[in-house]
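Enquirer: Please find the sequence and the predicted model below.
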Amino acid sequence: MTLTQDAPARAAKSGPPAPQASLIVQGADATGIVAAVTSVLSGHGANIVSLDQYSDNPQGGAFFQRTVFGLDGLRAALPALRADLDRSLVDEFGLRYTLRDLSVPKRVAIFASKSDHCLLDLLWRHRQGQLPVTVAMVISNHPDVAEEVRSFGVPFFHVPCQGSDKSAAEAEHLRLLQGNVDFVVLARYMQILSADFIDRVGVPIINIHHSFLPAFIGAGPYAKAKERGVKLVGATAHYVTENLDEGPIIEQDVVRVTHAHTAGDLTRRGADVERAVLSRAVLWHAEDRVIRDGNHTIVFA
Ligand SMILES: Nc1nc2c(c(=O)[nH]1)N[C@@H](CN(C=O)c1ccc(C(=O)N[C@@H](CCC(=O)O)C(=O)O)cc1)CN2
């Protein structure tokens, strides 16, 4: 007869849940990193809520880890936590890390042009509480969506951008953003950003491209897809670099189409995919689930 003794039920902590933070670690893989992270966190009385890790080579390559932990008195503890993480992860292992209080949502600026489906989808999801961000503003090179954006209580700025010289528009963008956002989203914004702007804005920029990259880079992908006779159309959310539509991919998806679909049908079917892909990418970025590694990403979704 086997007697089993259930472990005594641990009494759940009463009161509000402890504030949570994300700790993102990346760098050269080595033995002992996980132990170092958990040792620092436990030494401060933190409770690990989730921990995801990826090493790209068992023989020693790159190390990526996302940890979410809860800690009462988190805000006051952050300086001492950083000091211990600096000593352990940076000085001992030569790693990079970010530590962020998840109760402070990232601030995002959304850029749009005439197609408004991705923009309005993000604003609707945000109003529903599905996107843990603060929408700081919407900027568009067309005035069409001004009233709808303002109906969500979000500031709207019309910054015209015609012709090849975009320097005046980009200068105005930088003035509006003025270091007051944590990332930018291009929600079908149809202007190519200069390398100078990308450098000076200084925060990640997420774009939704309306094709399953690397197919059909650039403008008019649905017309190109119809011409090619594809059986799938898709969308790709990626970080923006100066190389058009070639930045690190965050998320993709596709939908089936047939010979009977017109280019307009492809556009309409693709729009649903664009909205879903962009909202997932924005959510994952907002929750520190995406780690950039050169022109690739590691996504702990
Ligand atoms: N530096 C980058 N800028 C932008 C990227 C990028 O990856 N790197 N993505 C684009 C979005 N995009 C496709 O998803 C795209 C937008 C616009 C064009 C384009 O040819 N635009 C013309 C003007 C078109 C117009 O005025 O209607 C241009 O800018 O000269 C191609 C692809 C956003 N920017």
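Expert: Noted; the coordinates are in hand.

Enquirer: CA only for contacts and neighbour counts going forward, please
Expert: Fine.

Enquirer: So which residues on the stretch 51-200 of the chain come close to the ligand?
Expert: Those residues of the stretch 51-200 of the chain that sit near the ligand, judged by CA under 6 Å from any ligand atom, are Tyr189, Met190, Gln191, Ile192, Leu193, Ser194.

Enquirer: What lies in contact with the lengthiest helix in the chain?
Expert: Using DSSP state H to define each element, the chain has its longest helix at helix 263-286. Contacts to helix 263-286, defined as CA atoms under 8 Å, 6 or more residues apart in numbering, come from residues 105-106, 117-118, 121-122, 131-133, 185, 187, 206-210, 222-223, 225-226, 233-237, 250-255, 257, 290, 299, 301.

Enquirer: Identify those among these that sit within strands.
Expert: Among the contacts of helix 263-286, the members found in strands (DSSP state E) are 106, 133, 185, 206-209, 233-237, 250-255, 290, 299.

Enquirer: Local confidence estimate at the residue of the stretch 1-150 of the chain found nearest the ligand?
Expert: The stretch 1-150 of the chain approaches the ligand most closely through Ser113 (8.4 Å), counting by CA to the nearest ligand atom. At Ser113, the pLDDT value in this model is 96.

Enquirer: show me what contacts the residue nearest to it when sequence neighbours are not counted?
Expert: What sits nearest to Ser113 in space, not counting adjacent residues and going by CA to CA, 6 or more residues apart in numbering, is Tyr189, at 4.8 Å. Counting by CA under 8 Å, 6+ apart, Tyr189 touches Phe111, Ala112, Ser113, Ser140.

Enquirer: so how many other residues sit close to the last one?
Expert: Residues lying near Ser140 (other CA atoms under 10 Å) number 24.

Enquirer: now the strands: where do they sit in the protein?
Expert: Secondary structure of the chain by DSSP E: the strands cover 20-28, 47-55, 62-70, 96-101, 106-112, 133-140, 156-158, 183-186, 205-209, 232-239, 249-256, 290-293, 296-299.

Enquirer: in the stretch 101-250 of the chain, which ranges drop under the pLDDT threshold?
Expert: Applying pLDDT under 70 to the stretch 101-250 of the chain flags no residue at all.

Enquirer: and the residue nearest to His210 when sequence neighbours are not counted, bridged to which residues?
Expert: Distance criterion CA to CA, 6+ apart; nearest residue to His210, sequence neighbours excluded, is Ala235 at 4.6 Å. Beta-bridge partners recorded for Ala235 (DSSP bridges): Asp253.

Enquirer: ok, now which ones touch Leu193?
Expert: Glu242.

Enquirer: And Phe216, by the same measure?
Expert: Contacts of Phe216 by CA under 8 Å, 6+ apart are Lys224, Ala225.

Enquirer: Look up how far Gln65 lies from it.
Expert: 33 Å (CA to CA, to the nearest Å).
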